[in-house]
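Q: can't give you the sequence, but here's the structure:
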């Protein structure tokens with residue numbers, strides 16, 4: 001599963017009409033927790049993770065709910081998603097730079 005969403009070229013039929021990118025690890029974990037589809041993980045020149053999601057019409061309200069602390073979801077799922085995203089960024093850094101950081 002991990003290699004499927006790391007920064008790899010996607011064929012034209014796999015790219016959704018709208019995407020949403022975030023470098024906020026906590027927001028991205030929250031989006032995963034409430035059912036957003038993670039398409040890929042990439043890193044920028046500073047090795048900061050960029051999380052690419054399939055966008056949805058309710059995303060602005062979801063993001064506001066997250067920042068207002070009114071977004072509902074499982075704390076356990078959030079914690080697991082946070083750890084998974086952090087590991088995916090680490091793997092992407094290793095793939096991109098050819099180094100192991102662990």
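A: Yes, it's here. Given the structure is predicted, the values throughout are model-derived calculations rather than measurements.
Q: hey, what's residue 38 bridged with?
A: Beta-bridge partners of residue 38, counted by DSSP bridges, are residue 53.
Q: what's the burial count for residue 54?
A: 15 (other Cβ atoms under 10 Å). Using the backbone N, CA and C atoms, a C-beta is placed for each residue, glycine as well.
Q: Same check on the one 10 residues further on?
A: Residue neighbour count, defined by other Cβ under 10 Å, stands at 11 for residue 64.
Q: do you know how far it is from residue 75?
A: Relative to residue 75, residue 64 is positioned 20 Å away (Cβ to Cβ, to the nearest Å).
Q: cool, and residue 58?
A: Applying Cβ to Cβ to residue 58 and residue 75 gives a distance of 21 Å.
Q: neighbour-wise, which of those two wins?
A: Neighbour count, other Cβ under 10 Å: between residue 58 and residue 75, residue 58 has more, with 11 against 8.
Q: and that one, backbone torsions?
A: The phi/psi pair for residue 58 (degrees, to the nearest 10) reads phi -90, psi 10.
Q: now do residue 42
A: phi -140, psi 170.
Q: which regions of the protein sit below the pLDDT cut-off?
A: For the chain, the stretches with pLDDT under 70 are 1-16, 100-102.
Q: all strands for it, in order.
A: With strands called from DSSP state E, the chain shows them at 19-22, 38-43, 49-54.
Q: Switch the ones you listed over to a markdown table; also include distance to residue 80.
A: Formatted as a markdown table, the strands of the chain follow (distance: least, Cβ to Cβ, whole Å):
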| stretch | distance to residue 80 |
| --- | --- |
| strand 19-22 | 18 |
| strand 38-43 | 13 |
| strand 49-54 | 15 |
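Q: For residue 91, find the nearest of these.
A: strand 38-43 (8.0 Å; Cβ to Cβ).
Q: in this structure, which spans are helices?
A: Counting by DSSP state H, the chain has helices at residues 2-5, 25-33, 59-67, 75-97.
Q: Return the set of buried residues in the longest one.
A: Residues 78, 81, 82, 84, 85, 88, 89, 90, 91, 92, 93 are the ones in helix 75-97 that count as buried (16 or more other Cβ atoms under 10 Å).
Q: isn't residue 25 right next to residue 48, touching?
A: No: using Cβ atoms under 8 Å as the test, residue 25 is too far from residue 48 to be in contact (9.4 Å).
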